[in-house]
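# Pasted the sequence and its predicted model underneath.
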Amino acid sequence: MVEHLLGIRHHGPGSARSVSCALDQILPDVILVEGPADAESLLPLAAHEDMQPPVAILMSAVDDPSSALYYPFAAFSPEWIAIRYALKHKTPLRMLDLPASTTLALELRPKGPGGTPPLFIPDTDALEAAEEASELRTDPMLALARAAGYEDSERWWEHMVEDRRDGAPLFEAVAEAMTALRVGVEAELGPAGQDRRELMREAHMRRVLRRARKDGFERIAVVCGAWHVPALQALPPESHDRRWLTKLPKRKVSATWIPWSHGRLTFASGYGAGVNSPGWYHHLFTHQDNVAIRWLNRIAAHLREQGIDVSSAQVIDAVRLADALAAMRDRPAAGLSELHEAAESVLLAAETLPWTLIHSQVVVGERIGQVPEETPMVPLQRDLSQLQKKLRLRPDDGDRELVLDLRKDIDLQRSFLLRRLQLLDIPWGQGGERGEGTGTFKETWELGWDPEFALQVIEASPHGATVEAAATSLALDRARKASSLPVLTELVRSVVLAQLPQAIPGVVARMQNEAAVASDLTHLMRALPDLVHLIRYGDVRGTQAEPVAKVVDGLVARVCVGLPAACTAIREDAAQPLFEGVVAMQAALSLLDHGEHMALWHEALLRVTDDPQTTPLLQGRACRLALDANRLSTRETAARLSLHLSRVESPQRAAAWLDGFLRGSGQVLVYDDSLWSLVDEWLDGLRDEVFLQLLPLLRRTFSSFTEPERRAMGERSRAEARSAVRVTQDGEADDVDSALGKRALPLVRRLLGLGETA
């Protein structure tokens, strides 16, 4: 009986090559791989032709799907190489680690005194010693790295193991190094300083190894994290491990394969291992010759796609620089750090911004895996998978822009799916904002599938077996819990646009109840635009928005009745939200174009305009809207403007009224001479100190005008100024009484001593 302990780094290309080479030499009759023991039933699917890494085993608690564990695999993961080898050669395959059912149950245990997790022995002295040696605990290989002249263990391990391309096994050297490290750690921290979770895991690994021996296997290959190798070299008595594994808790779990991504590989999960550069690792694993040339060519191609010119000569210079840096650092070949420095210096001319894109899209990579259709799924997962296939929306297509034409049935169904997923808190699609005017049949989405969405689908599965049913259930649940009208308005919009007919009545009824007791008029006014848009353009999407019309009828009536009272006796700063609400209300009703609603609204505006207690800002806006709707004539408007700009009113109130009247559009001043003259005379009559006080408010008002409006006002002012200059130069104007002036001339001559005649 021979046991081969292959200590590896999770997701390491050099380790993966070494495992592949070692298995070909060993020809094992059983392979033991670090991974959850209760996931063994899923392993045969790894041989399926449609299984493309990166993928992950997802183990979730049945009673709480959000409590889950991931065990990811990349093409360069040594565990994946061992699993595929076993399946290809029909070699028995077993998983070494604690079952996920136990690991998830242990996470539920309450914390001890002071918040200390129960899986860590709460010995005070030992804990203090462990605090002093925290660096040794979290990164035990740092000591070896520093001894070799490296600043961190990550770079040391990559240079010594993962960057190697010959595939020669180093497992004896790794085992020797890990043994020395563990002796040092135990001597420094003592038994009480060790994590009990790790002790449990290693006890279970030894149990699986003993079982393989008892089953008569002669050539046993064990693929596990390098740190665990010393714990498996000399097995203690079985009773020693039994005390760690007796009466362990369990939870009922479900298991499945899910797609993963290179981006997600950067996070520590499952094995507690993450890699900073999965794209580079994949490149190392798939190319054994001309690695530097291929890598820099790939970066150059990516830069050209971004519109950055990179020549072949620059690539050659970058390769030479990377090789020179490797030689200076006594490295056999250029690694990622040398290639990074060479690319930044030669290809990017020390520009750092483009490297950010290169890092995310090349060094990390955008690769997303896929799983076969035979993968076990909950009903909601299965329904989503079928919809994705039917609508030709593949999660593994990566990030992309999707423009939908809602006049086409397939695009309309895609829009429904993306909006329903948003209700499930699965934002696969971002955007989808409605078009305006004739463009309402167009939607633009930004698609980006995150592998974590697979878990969120499982979490949502208790709400329904289909995407539509789950979205309906969640929408109704949120409607019951919502406590504000804006939230309910957005929810109504979501369920209508997602075409959830079973949810619309309940959500609308809940919004009606909330609107009936809502005391904030601004909430009512701001709720209308989205609701009106649903009514006005709902038929473009084929949605049924009739229930929303009844809500709009009630909201319009309440706003029109309550607006005059709401606009009185409030401060200017408090009037701003109400001002914005009035603007939103006007836009919504103009879009709806409902005769009765518009009549009610205009009557409310006239009452606001004529009420002396109304805040000037709102009074001015109401007057302007009534003028635009032809409910006030130009003469009536001029009379109101003259009154509010008269000396009876304080300059501050006059400026606020003018702000409300003019903000957003200056057309009325450009084309109406009487209004222009009134505003001009008011401004001309302001004292200097008052004008300076009002200047910020006036600037805000006039800055809201469009550029052509401001230009027209400037040209008119300039023309009037030139006209005044000409009048002064000519010495007479149309309003000078020449006859009266002649009667005074004799007296002026006598005063000047000129005599009575010239």
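That came in fine, so what should we check first? The shown structure was predicted, so the numbers you read here are calculated from the model rather than taken from an experiment. Numbering: from 1, shown residues only.
# Would you mind stating the distance between the nearest residue to L235 once chain neighbours are set aside and L232?
Spatial nearest neighbour of L235, excluding adjacent residues (C-beta to C-beta, 6 or more residues apart in numbering): R206 at 5.3 Å. Placement of C-beta: from N, CA and C, glycine included. From R206 over to L232 the distance is 6 Å, taken as C-beta to C-beta, to the nearest Å.
# check which helix or strand covers the residue nearest to L235.
Under the criterion of DSSP states H and E, R206 resides in helix 196-214.
# Helix or strand next in line after that helix, which one?
Following helix 196-214 toward the C-terminus (DSSP H and E): strand 219-225.
# got a list of contacts for that next one?
With contact meaning C-beta atoms under 8 Å, 6 or more residues apart in numbering, strand 219-225 is reached by 1-10, 19, 22-23, 26-34, 78-79, 82, 96, 205, 209, 212-213, 232, 271, 273.
# In terms of secondary structure, what does the very next helix or strand once past it contact?
Using DSSP H and E, the helix or strand that follows strand 219-225 in sequence is helix 229-233. If you count contacts as 3 or more C-beta pairs under 8 Å, 6 or more residues apart in numbering; DSSP states H and E, helix 229-233 packs onto strand 2-8, helix 171-189, helix 196-214.
# residues of helix 229-233 that come out buried?
V229, P230, A231, L232 (16 or more other C-beta atoms under 10 Å).
# what does stretch 459-477 give?
459-461, 463-464, 466-476.
# Inside helices: which ones of those residues?
Within the buried residues of stretch 459-477, residues falling in helices by DSSP state H are E459, A460, V467, E468, A469, A470, A471, T472, S473, L474, A475, L476.
# how about H4, what does it touch?
Neighbours of H4 in contact, by C-beta under 8 Å, 6+ apart: A22, I26, P28, F171, R219, I220, A221, V222.
# mind redoing it with 7 Å?
A22, I26, I220, A221, V222 (C-beta atoms under 7 Å, 6 or more residues apart in numbering).
# can you give me the helices in the stretch 601-750 of the chain?
With DSSP state H, counting those that start in this stretch as the criterion, the stretch 601-750 of the chain has helices at 616-628, 634-644, 651-662, 667-671, 673-685, 688-703, 707-730, 738-752.
# what's the burial count for the residue nearest to L32 when sequence neighbours are not counted?
In this structure, L32 finds its nearest non-sequential neighbour in V222, 4.7 Å apart by C-beta to C-beta, 6+ apart. Applying other C-beta atoms under 10 Å, we find 25 residues neighbouring V222.
# what's the helix holding R206 packed up against?
If you count contacts as 3 or more C-beta pairs under 7 Å, 6 or more residues apart in numbering; DSSP states H and E, helix 196-214 packs onto strand 30-36, strand 93-97, strand 219-225, helix 229-233, helix 238-245.
# export the ones you listed to a markdown table and tack on mean pLDDT and distance to V561?
Shown next, in a markdown table, are the helices and strands packed on helix 196-214 (pLDDT from 0 to 100; distance: least, C-beta to C-beta, whole Å):
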| stretch | mean pLDDT | distance to V561 |
| --- | --- | --- |
| strand 30-36 | 95 | 65 |
| strand 93-97 | 95 | 68 |
| strand 219-225 | 94 | 72 |
| helix 229-233 | 92 | 78 |
| helix 238-245 | 89 | 73 |
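# Output the lowest mean pLDDT helix or strand found in the chain.
helix 124-132 (a mean of 41; mean pLDDT, DSSP states H and E).
# A482: which of the buried residues of helix 229-233 is nearest?
Nearest to A482 among those is A231, at 53.8 Å by C-beta to C-beta.
# pretty sure that closest one contacts R201?
No: between A231 and R201 there is no contact under C-beta atoms under 7 Å: 9.0 Å.
# Which strand residues bridge the residue nearest to D397 when sequence neighbours are not counted?
Leaving aside its sequence neighbours, D397 sits nearest to L447 (C-beta to C-beta, 6+ apart; 7.2 Å). Under DSSP bridges, the beta-bridge partners of L447 are R400, G429.
# number of nearby residues for L447?
By the criterion of other C-beta under 10 Å, L447 has 19 neighbours.
# residues contacting it?
L447 sits in contact with D399, R400, L402, W428, G429, where contact means C-beta under 7 Å, 6+ apart.
# switch to 8 Å and redo it
L447 touches L393, D397, D399, R400, E401, L402, W428, G429, Q430, counting by C-beta under 8 Å, 6+ apart.
# next one: V492
V492 makes contacts with I504, V507, V508, M511, D530, L531, L534, V548, V551, as judged by C-beta under 8 Å, 6+ apart.
# any chance of the residues you listed in TSV, plus distance to E305?
Output for the contacts of V492, formatted as TSV (distance: C-beta to C-beta, whole Å):
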residue	distance to E305
I504	45
V507	45
V508	48
M511	48
D530	39
L531	44
L534	41
V548	46
V551	49
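# Check those and tell me the two furthest apart.
Among those, I504 and D530 lie farthest apart (C-beta to C-beta), at 14.3 Å.
# that older thread, kindly reformat the helices and strands packed on helix 196-214 as JSON lines containing distance to E351.
Listed next are the helices and strands packed on helix 196-214 as JSON lines, based on distance: least, C-beta to C-beta, whole Å:
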{"stretch": "strand 30-36", "distance to E351": "43"}
{"stretch": "strand 93-97", "distance to E351": "45"}
{"stretch": "strand 219-225", "distance to E351": "39"}
{"stretch": "helix 229-233", "distance to E351": "45"}
{"stretch": "helix 238-245", "distance to E351": "55"}
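# what's the closest of those to A639?
Among the helices and strands packed on helix 196-214, strand 30-36 comes nearest to A639, with 82.9 Å by C-beta to C-beta.
# Phi and psi next, for Q306.
Note on Q306: backbone dihedrals following degrees, to the nearest 10 are phi -90, psi 10.
# doesn't L357 make contact with it?
Yes: judged on C-beta atoms under 8 Å, Q306 makes contact with L357 at a distance of 6.5 Å.
# and the gap between V690 and M511?
The value you get for V690 to M511, if C-beta to C-beta is used, is 48 Å.
# ok, the two, which is more surrounded?
The residue with more neighbours, out of V690 and M511, is M511; 26 against 14, by other C-beta under 10 Å.
# Helix or strand for that one, just tell me which one.
helix 504-517.
# C-terminal to that helix, what's the next element?
Defined by DSSP H and E, the subsequent element after helix 504-517 is helix 521-541.
# what is the orientation angle of that next one with helix 504-517?
Counting by axes from the mean of the first three to the mean of the last three C-alpha atoms, to 10 degrees, helix 521-541 lies at 160 degrees to helix 504-517.
# So which elements touch helix 521-541?
helix 485-497, helix 546-566, helix 572-592.
# Comparing the ones you listed, which comes out most buried?
Stretch with highest mean neighbour count among the helices and strands packed on helix 521-541: helix 485-497 (a mean of 22; mean count of other C-beta atoms under 10 Å).
# model confidence over it, on average?
Mean pLDDT, computed over helix 485-497, is 86.
# follow-up on the earlier one: any idea how far the helix holding M511 is from the chain center?
30 Å (C-alpha atoms, centre = their mean, to the nearest Å).
# buried stuff in it?
So, applying 16+ other C-beta under 10 Å, buried residues of helix 504-517: I504, G506, V507, V508, R510, M511, E514, A515.
# In terms of distance to R329, which of those residues ranks first?
So of these, ranked by how close each gets to R329 (C-beta to C-beta), first place is V507, at 64.1 Å.
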